[in-house]
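# please work out how this folds:
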Amino acid sequence: MLRHRFRLTALLMLGFLVTPVSATVTEYMLDNGMKLIVKQDHRAPVVVSQVWYKVGASYEHAGITGVSHVLEHMMFKGTKKHAPGEFSKIIAANGGRENAFTGQDYTAYFQRLEKSRLPISFELEADRMRNVVILAEEFAKEIKVVMEERRLRTEDKPTSLLYERFRETAYQTSPYKDPVIGWMHDLENMNVDDLKQWYQDWYAPNNATLVVAGDVKPEDVLALAKKHFGPIKSGKVRVLKPQLEVEQKGEKRIIVKAPAQVPYLLMGYKTPVVNTAKEKWEPYALEVLAGILDGGSSARFARELVRGKQIAASAGSGYDMYSRLEDMLLLDGTPATGHSIADLEKALREQIKRLHSEPVTDAELKRIKAQVVASKIYGQDSIFYQAMQIGTLETVGLDWRLMDTYVDSIRAVTAEQVQAVAKKYLVDDRLTVAILKPVKSNGAKQSSLGSSINNKEVAHAAH
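Model (predicted):
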């Protein structure tokens, strides 16, 4: 389900334990335009290194959808210096773990290592920043892997298939209408030259951010970065044209038929994000609103729709304020036995109407704000998550220092502001509704409805 997950706590006073991120972060800029951000965390002798490129599925155009993700796969297939697969073998031999992921707004590569092995990570990443050799025979094998990944994760998974068609319906001109993994016909017609051109256009130090978190000294990391990444020449990075979504003029609805055990409902309202909001408080009010609906067992959906009226077997909400372009606040669910999709949709709409007509209670605001503070604290337990937050903000065009103000911005949200964003954005003219209608599978085994839909769509490398 689309869970707006927070670590639970009853103590709002935990907020006093939140240390500003900027107190332990140092930022540098190399002469070639590559940004370096170092987050110190000395609790264990480990380090996470992430290279973020400002390119993802939303940078692609018709005919080459999925090229960012396919290139991500090919980045493990060898350089002028290292043979295919050697990158991963070297990291493993040094006790590390590595992988990569592609999203709508970024492509990122990471390693987790013992701190003394950081130079190995830098040497390998610097090598493949400009020296990847895209061989036709390797591409022929890897494109089949990606197509199979698409079949398994989207075409044979009913909720993922619905989500893909939902976004295609919701967006008309925004590049967010296309899936990260790409459309199958584009994958079938992709060639080596497409990848080479994409690599040439976007993989350059002045289009990358290097984030390092862990038991390190910033000055030591800077010296290593200058040694390995510093000699790489800046590239001529393409400049994107504005990619704005046209105003929606009415509710959109689709039905997707697929082999599944139970029906499934997905609803999405177009909403601003931090990057696009004219009123800076609105994304934080939407974040709180999503938590009011689905922020744990005491939230409205669980309390009233699942346990109370027992209309829903499950129901959730999701909102991500950190995107490059306007995104959506999502609601989803499956009806309980004896109830229909229409019953569930009516119940969800009633919850939205309630947000329009009456302010949320003080108790609900306190609960969600306590959860946000707790989530902030527990999030610091993961070095990878700390680096991930910094890399995401920087790569979608925001300042990583927003991490410092997040808790205070959430605390400042009022009941009136939650009601205001509900009345402004959660309206039918911004709504897209998608319904999964189960059908017989013509002899194939029916897929269970295990939803893995996420408001931040990401495809991972498989190597």
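# report how many residues lie close to E72.
Neighbourhood size, E72 [other C-beta atoms under 10 Å]: 25. C-beta here means a position set from N, CA and C on the backbone, and glycine is covered the same way.
# can you tell me how far it is from L36?
22 Å (C-beta to C-beta, to the nearest Å).
# so which residues of the stretch 301-450 of the chain form helices?
341-357, 362-379, 383-395, 402-411, 415-425 (DSSP state H, counting those that start in this stretch).
# residues of the fourth one that come out buried?
Within helix 402-411, the residues that count as buried by 16 or more other C-beta atoms under 10 Å are M403, D404, Y406, V407, S409, I410.
# the third one too?
Under the neighbour-count criterion of 16+ other C-beta under 10 Å, helix 383-395 has I383, Q386, A387, M388, Q389, I390, G391, T392, L393, E394, T395 buried.
# go on, the second one?
When burial is assessed from 16+ other C-beta under 10 Å, helix 362-379 yields the following buried residues: 364-365, 367-377.
# now swap in the last one and tell me
Judged by neighbour count (16+ other C-beta under 10 Å), helix 415-425 contains these buried residues: A415, Q417, V418, Q419, A420, V421, A422, K424, Y425.
# would you mind confirming that the third one makes contact with R354?
In this case it means V418. No - V418 is beyond contact range of R354, at 11.5 Å (criterion: C-beta atoms under 8 Å).
# out of the helices of the stretch 301-450 of the chain, nearest to S234?
helix 383-395 (17.7 Å; C-beta to C-beta).
# least confident secondary structure element in this protein?
One helix or strand of the chain scores below all others by mean pLDDT, DSSP states H and E: strand 458-460, with a mean of 68.
# L365 and A290, how far apart?
Taking C-beta to C-beta, one finds L365 at 13 Å from A290.
# quick one, what contacts Q197?
Contacts here follow C-beta atoms under 8 Å, 6 or more residues apart in numbering; on that basis Q197 touches nothing.
# secondary structure element holding it?
Assessed by DSSP states H and E, Q197 sits inside helix 192-202.
# can I get that helix in CSV? Just the C-alpha atoms.
Presented in CSV, the C-alpha positions along helix 192-202 are these (Å, rounded to 0.1, in the frame of the first residue of the first chain):
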residue,chain,number,x,y,z
VAL,A,192,23.7,1.2,-28.9
ASP,A,193,23.9,4.7,-30.4
ASP,A,194,21.0,5.8,-28.3
LEU,A,195,23.0,4.9,-25.2
LYS,A,196,26.2,6.4,-26.4
GLN,A,197,24.5,9.7,-27.1
TRP,A,198,22.7,9.7,-23.7
TYR,A,199,26.0,9.0,-21.9
GLN,A,200,27.7,11.8,-23.8
ASP,A,201,24.9,14.3,-23.1
TRP,A,202,24.5,13.8,-19.4
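# can you give me how far it is from the chain middle?
Its chain's C-alpha centre and that of helix 192-202 lie 24 Å apart, by C-alpha atoms, centre = their mean, to the nearest Å.
# again with stretch 359-366
28 Å.
# check stretch 364-379 too.
For stretch 364-379, the distance to the chain centre is 21 Å (C-alpha atoms, centre = their mean).
# one step back: out of the helices of the stretch 301-450 of the chain, name the one with the poorest average pLDDT.
Among those, helix 362-379 carries the lowest mean pLDDT, at a mean of 86.
# circling back: for V46, find the nearest of the helices of the stretch 301-450 of the chain.
helix 383-395 (6.6 Å).
# the closest one to helix 402-411, inter-axis angle?
On the basis of axes from the mean of the first three to the mean of the last three C-alpha atoms, to 10 degrees, helix 383-395 is oriented at 90 degrees to helix 402-411.
# how far away from the center of its chain is helix 383-395?
Distance, centroid of helix 383-395 to centroid of chain: 11 Å (C-alpha atoms, centre = their mean).
# report all helices and strands that it contacts.
If contacts are counted by 3 or more C-beta pairs under 8 Å, 6 or more residues apart in numbering; DSSP states H and E, helix 383-395 sits against strand 35-40, strand 46-53, strand 107-114, strand 208-214, helix 362-379, helix 402-411.
# which stretches of the stretch 1-150 of the chain have low pLDDT?
1-19, 21 (pLDDT under 70).
# what about the helices in it?
Under DSSP H, counting those that start in this stretch, the stretch 1-150 of the chain gives helices at 67-74, 86-93, 118-130, 136-150.
# ranking the ones you listed by burial, who's on top?
helix 67-74 (a mean of 26; mean count of other C-beta atoms under 10 Å).
# am I right that K241 is in a strand?
No - using DSSP: H, G, I helix; E, B strand; the rest coil, the secondary structure at K241 is coil, not a strand.
# what's the pLDDT at it?
For K241, pLDDT reads 89.
# contacts only, for it.
K241 touches nothing, counting by C-beta under 8 Å, 6+ apart.
# I figured L393 hits R324, correct?
No - applying C-beta under 8 Å, one finds L393 not in contact with R324, separated by 11.0 Å.
# list the contacts of the residue nearest to V427 when sequence neighbours are not counted.
Nearest residue to V427, sequence neighbours excluded (C-beta to C-beta, 6 or more residues apart in numbering): Y269, at 7.4 Å. Residues near Y269 by C-beta under 8 Å, 6+ apart: M328, L329, Y425, L426, V427, R430, L431.
# how about a cut-off of 7 Å?
By C-beta atoms under 7 Å, 6 or more residues apart in numbering, the contact list for Y269 reads M328, L329, Y425, L426, R430, L431.
# between those, which sits nearest P359?
L426 (14.6 Å).
# what pLDDT is listed against the closest one?
98.
# ok, it - contacts?
Here L426 is in contact with Y269, I352, L355 (criterion: C-beta under 7 Å, 6+ apart).
# returning to what we had before: which one of the helices of the stretch 301-450 of the chain lies closest to T169?
helix 341-357 (16.0 Å).
# go through that closest one and flag the buried ones.
Going by 16+ other C-beta under 10 Å, helix 341-357 has these buried residues: I341, L344, E345, A347, L348, R349, Q351, I352, L355.
# touching, S88 and E98? I think so.
Yes - S88 is within contact range of E98, at 6.4 Å (criterion: C-beta atoms under 7 Å).
# would you state the helices of the stretch 151-300 of the chain in chain order?
Under DSSP H, counting those that start in this stretch, the stretch 151-300 of the chain gives helices at 158-170, 184-188, 192-202, 218-228, 282-294, 300.
# out of the ones you listed, flag the one nearest D399.
Nearest of the helices of the stretch 151-300 of the chain (C-beta to C-beta): helix 282-294, 14.5 Å.
# avg pLDDT for that closest one?
96.
# output it as CSV, nothing but the C-alphas.
Provided in CSV are the C-alpha atoms of helix 282-294 (Å, rounded to 0.1, in the frame of the first residue of the first chain):
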residue,chain,number,x,y,z
GLU,A,282,1.6,24.2,1.2
PRO,A,283,3.8,21.1,0.6
TYR,A,284,4.3,20.8,4.4
ALA,A,285,0.5,21.1,4.9
LEU,A,286,0.0,18.3,2.3
GLU,A,287,2.6,16.2,4.1
VAL,A,288,0.6,16.5,7.3
LEU,A,289,-2.7,15.9,5.5
ALA,A,290,-1.4,12.6,4.1
GLY,A,291,-0.3,11.6,7.6
ILE,A,292,-3.7,12.5,9.0
LEU,A,293,-5.3,10.0,6.6
ASP,A,294,-2.6,7.3,6.8
